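J.: Structural data only, the sequence is not supplied:
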C-alpha cells in the first residue's frame, strides 16, 4: 500500500517535470525564433511593426495579471503606458542633438529646463523611472480606491476617469511637455546611435522580446504559487477572503502596481519603436482595446494574453490598411462576440474543442464524484426514490 | 455678486445636462449593476434625431419650423429607447451577473454606433435591417422547430452558423446596392463631420441682467431637466411599473419569487434610461454642433455623477450632478482665482488656481476632489441601506 502511494507520488513528480520541461522547450524555441529568425527574414518595416506588437503584448500580460487572475478591470492602463513612454522620450530628448534644452521649449518662451526634467538627464535614473513612476501612480490610485472597498464597475470607471484626467493634463501642458504634439524620438541619439537607425531598432526589438519573456516569467511565477491562489480567491469571492483573515487591499495594490510597472516598460519600448509619444496614447479607446486583447486570447492564461495582443493588432493592420471604415464595425463586433460567445477567448475555445473531441471520440471517463457513485447507501436510496 | 450669480447659473445649466444623462444611467445601474458605456452614444443618437427632425420641419415651412423642438423630444426619446431596448434584449440580458463583461460589450456597441453614424446611408441601412430580420427570424424559427433539448445541445453551433449566413447575405446585399444605386442614394446621411442644430428663433437671445444675459436655450434645458425629474419621480413612486422597478432594485430574487417578471422590468428600465439619454441628446444639440464623438465628451462626467451620487437615490444623483457641474465651471472659468486675487490672497494660491483655470484642467481638480470625497463616503452621498456585505 505504502509503496503504491510512493510510486504514485513519484509518477506525479515525473509528470510535472516532463510537463515543465516541455513548456520550457516550447518557450525557448519561440524566443529563439523571435530573436534570431525574425530579424533575419522580415524587412525592417515589418520587424518594427512586430516589435511594436510585442511591446503591446507586454501590456497585455500585465492586464491579464490584474484582470484574468485578480478580477480588477482597469480601463486606465494607458496612463502607465504613457508615463513609461514619456520617461524614456524625455531622457532621449535631453541627450540627443537638441540638448541641453529641447527645441519645443523655445516655441513657448521657456528658457530654463523645468525641474522635473532635470533627473532624466541620467540614464540610470530613467531606467528606474520607467517602471517605478507608473508603479507609484498605480499604487497611490489603487490604495485610495481599494482601501474603501470600492471594486467592480466602480473601480473600472474610476480608472477611466483617471485616464481622462491624465490625458487632459498632458494635452494641456504645452510649455511643460509639448502638449498635443508630443515628443518625437526618431532623430534622437541613444549610445551614439540614431534611434530610428536599423541597428538601434534591432537592439530595441531584441530587448522587447527579452522583456516580454521576463514579464511572462514574472507573472507566471506570481500566479503559480500561494500568492496566485490568493489572487484567484480575491477574484472569485473577495468577501470570503476577507472573512478568512486576509486583507485583500495590500495584495490588490501590489498586483495593480506590478501591472502598472509592466505597462510602463511596454510604453517605453513602444515609444522608441514608433518614433513618437503623444497624449493620444491615453485616449479612452486605446486603453479599452488593451483589455480586449486579453479577452480575445483568453483571460487567466498568460499565453492567451500575448496571443490575443498579436492577433488583434495583426487583424487591425490588415483591415485598416484596406478598409478603414470597417475596422470600427469589426472591433465592435469583436467586443460583443468575445464577451457573449467566447468568454474564455481563443485559448478557452480551443480547450473546449479538445475536451469535446475527446468526449466524442474517446471513452467518456470523467466522473466528478466517484465516491458518490460507489457508495452503496446512496445507490440504495436512489432505487427507493425511483420506485 | 453678479459674477457669482452668473457662475452659479452656468454651473446649474451644465449640471442639468449632466443630470438628465446621469438619471437614466443611475436608475439602470441601481437596478442591474450595469454601467452602459454606450450611454454617450445614445445621447449622440438623440442629438442626431433632433437634427433630422429639424430638417424635416424646415420643409414644412414657417409655423412648423419654429416648434420642431417639441417634436424632436419624443422622437429622440423613442429612437434612443428602441436602440437601448435592442441592446438589452440582444446582449446585456445574456451577461447578467457579469458586470465587467457588460462594460466591454456596451463599449463594442458604442464603437458600432459611432461608425454607423459616420457611414450611415441607404445600402447600409438595408444590409443592417436584412441582417436583423434574417438572424432573429432564423433564431425564432429554430427555437420553434427544434425540441428544447436539441436546441440546447447545439445552440452555439446553430447560432454561429446563423450569424455567419445572415452576415454574409447582408454584406453581399449592401455591397450590391452600394454599387448599383445612383450616387444620391449612396451618399452618407451625416458623414464624419459635425452637423449643426440651430435653435428656433424664440430660443435665441436671453434675459439681460445687468451686463450679462441668461440665455433662453439654457433656461429651456433647465426647465426640461426639471420636467424629466418630476416625470421620473412620479413614474418611480406612483406607477405600478415604478413599484416593480423599486422592488427589483432592492431585492431581485425576492421580487422574482413574488411573481415580478424581472426580465421585463430590466428591459423596460433599460429602455427608459436610454430614452432619457436621447432627451439629453436634444439638450446638447441646442448647446453646440454634434458629431459622432459628441457622446464621448459627456460620459465620464456622467459616470462620476453616478459614483458620487450613490445607487438608487434620485436626490443623490441631483446633488452630485449640480455640484460637479458648478464645480467644474467655477474652477474652469477662473472665478476662484479672480476672487482670491481680489481678496489679496497669497500669490501662490492664486497661481495654483490659475493653473487649473481651463475646462480640461478643471476636470483634473474635480477628479482629485471626487477621489478625496470617496475616502470618507465610498458608496456615494446616500449609500443604500441594508445588511448586505456587498456595496
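T.: That came in fine, so what should we check first? Remember, predicted model here, so these are calculated numbers, not experimental data.
J.: what about the helices in the stretch 251-391 of chain B?
T.: B:252-257, B:262-287, B:294-309, B:314-332, B:335-342, B:347-355, B:359-376 (DSSP state H, counting those that start in this stretch).
J.: Which residue is it, in the stretch 151-300 of chain B, that comes closest to chain A?
T.: Closest residue of the stretch 151-300 of chain B to chain A, Cβ to the nearest Cβ: residue B:300 (5.1 Å). In short, each C-beta sits where N, CA and C put it, glycine included.
J.: got the contact list for that residue?
T.: A:157, A:160, A:161, A:164, A:284 (Cβ atoms under 8 Å, 6 or more residues apart in numbering or on different chains).
J.: what do you get for residue A:119?
T.: A:125, A:129.
J.: Check residue A:288 too.
T.: A:75, B:104, B:107.
J.: count of neighbours near the first one?
T.: To tie it back to what came earlier, the one meant is residue A:75. 24 (other Cβ atoms under 10 Å in any protein chain shown).
J.: How confident was the prediction at it?
T.: In this model, residue A:75 is scored at 91, pLDDT.
J.: Now residue 198. Nearest residue, chain neighbours left out?
T.: Answering for chain A, as no chain was given. Spatial nearest neighbour of residue A:198, excluding adjacent residues (Cβ to Cβ, 6 or more residues apart in numbering or on different chains): residue A:44 at 5.7 Å.
J.: I was thinking of chain B, sorry if that wasn't clear
T.: Residue B:198's closest residue in space is residue B:54 (Cβ to Cβ, 6+ apart), at 7.3 Å.
J.: The one you found reaches residue B:68, doesn't it?
T.: Yes - taking contacts as Cβ atoms under 8 Å, residue B:54 lies within contact range of residue B:68: 5.0 Å.
J.: how about low-confidence regions in chain A?
T.: Applying pLDDT under 70 to chain A flags the ranges A:1-6, A:360-374, A:387.
J.: follow-up on the earlier one: pick the one among the contacts of residue A:288 closest to residue B:376.
T.: Residue B:376 has its nearest neighbour among those in residue A:75, at 24.8 Å by Cβ to Cβ.
J.: secondary structure class for the closest one?
T.: Reduced to three states with DSSP: H, G, I helix; E, B strand; the rest coil, the structure at residue A:75 is coil.
J.: can you tell me which residues contact it?
T.: Residue A:75 neighbours (Cβ under 8 Å, 6+ apart): A:156, A:157, A:159, A:160, A:163, A:284, A:287, A:288, A:291, B:103.
J.: In helices, which of those residues appear?
T.: A:156, A:157, A:159, A:160, A:163, A:284, A:287, A:288, A:291, B:103 (DSSP state H).
J.: would you list every one of the strands in chain B?
T.: B:206-209, B:212-215 (DSSP state E).
J.: Quick check: the residue nearest to residue A:198 touching residue A:199?
T.: No - counting by Cβ under 8 Å, residue A:44 stays clear of residue A:199, with 10.7 Å between them.
J.: burial of residue A:199, as a residue count?
T.: Counted with other Cβ under 10 Å, residues neighbouring residue A:199 total 10.
J.: can you check residue A:359 too?
T.: Neighbour tally, residue A:359, other Cβ under 10 Å: 12.
J.: how much space between it and residue B:208?
T.: 79 Å (Cβ to Cβ, to the nearest Å).
J.: can you check residue A:132 too?
T.: 57 Å.
J.: When these two are compared, which one has more neighbours?
T.: More neighbours surround residue A:132 than the other of residue A:132 and residue B:208, with 18 against 9 (other Cβ under 10 Å).
J.: I'd like to know how far the more buried one sits from chain B.
T.: Residue A:132 sits at a distance of 22 Å from chain B (criterion: Cβ to the nearest Cβ, to the nearest Å).
J.: Quick check: the gap between the residue of chain A found nearest chain B and residue B:102.
T.: Nearest residue of chain A to chain B (Cβ to the nearest Cβ) works out as residue A:335 at 2.7 Å. Remark: distance between residue A:335 and residue B:102 (Cβ to Cβ) = 11 Å.
J.: Tell me which of these two has more neighbours.
T.: residue A:335 (29 against 24).
J.: Quick one: residues contacting residue 278.
T.: Just going to use chain A. A:180, A:181, A:182, A:183.
J.: ah, I was thinking of chain B
T.: Taking Cβ under 8 Å, 6+ apart, one finds B:42, B:43, B:45, B:46, B:49, B:76, B:77, B:78, B:79, B:80, B:81 in contact with residue B:278.
J.: neighbours of the fifth one, just the number please.
T.: Using other Cβ under 10 Å, residue B:49 has 24 neighbouring residues.
J.: And it, how far from chain A?
T.: Distance, residue B:49 to chain A, using Cβ to the nearest Cβ: 21 Å.
J.: Now that residue: closest residue in space that isn't a chain neighbour?
T.: residue B:76 is the one closest to residue B:49 (Cβ to Cβ, 6+ apart), at 4.3 Å.
J.: Quick check, residue B:328 in contact with residue B:361.
T.: No - at 10.4 Å, residue B:328 does not count as touching residue B:361 under the criterion of Cβ under 8 Å.
J.: one step back: most neighbours among the contacts of residue A:278, which one?
T.: Counting neighbours by other Cβ under 10 Å, the top entry in the contacts of residue A:278 is residue A:182, with 22 neighbours.
J.: Show me the strands in chain A, by range?
T.: So, for chain A - with DSSP E - the strands run A:183-184, A:189-190, A:193-194, A:276-277.
J.: As CSV, the ones you listed with distance to residue B:236 would be great.
T.: CSV is the format used below for these (distance: least, Cβ to Cβ, whole Å):
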stretch, distance to residue B:236
strand A:183-184, 52
strand A:189-190, 62
strand A:193-194, 65
strand A:276-277, 48
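J.: I'd like these laid out as a markdown table, including distance to chain B.
T.: Formatted as a markdown table, those follow (distance: least, Cβ to the nearest Cβ, whole Å):
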| stretch | distance to chain B |
| --- | --- |
| strand A:183-184 | 20 |
| strand A:189-190 | 33 |
| strand A:193-194 | 35 |
| strand A:276-277 | 19 |
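J.: Could you say which one of those comes nearest to residue B:373?
T.: Per Cβ to Cβ, nearest to residue B:373 of these: strand A:276-277, 32.5 Å.
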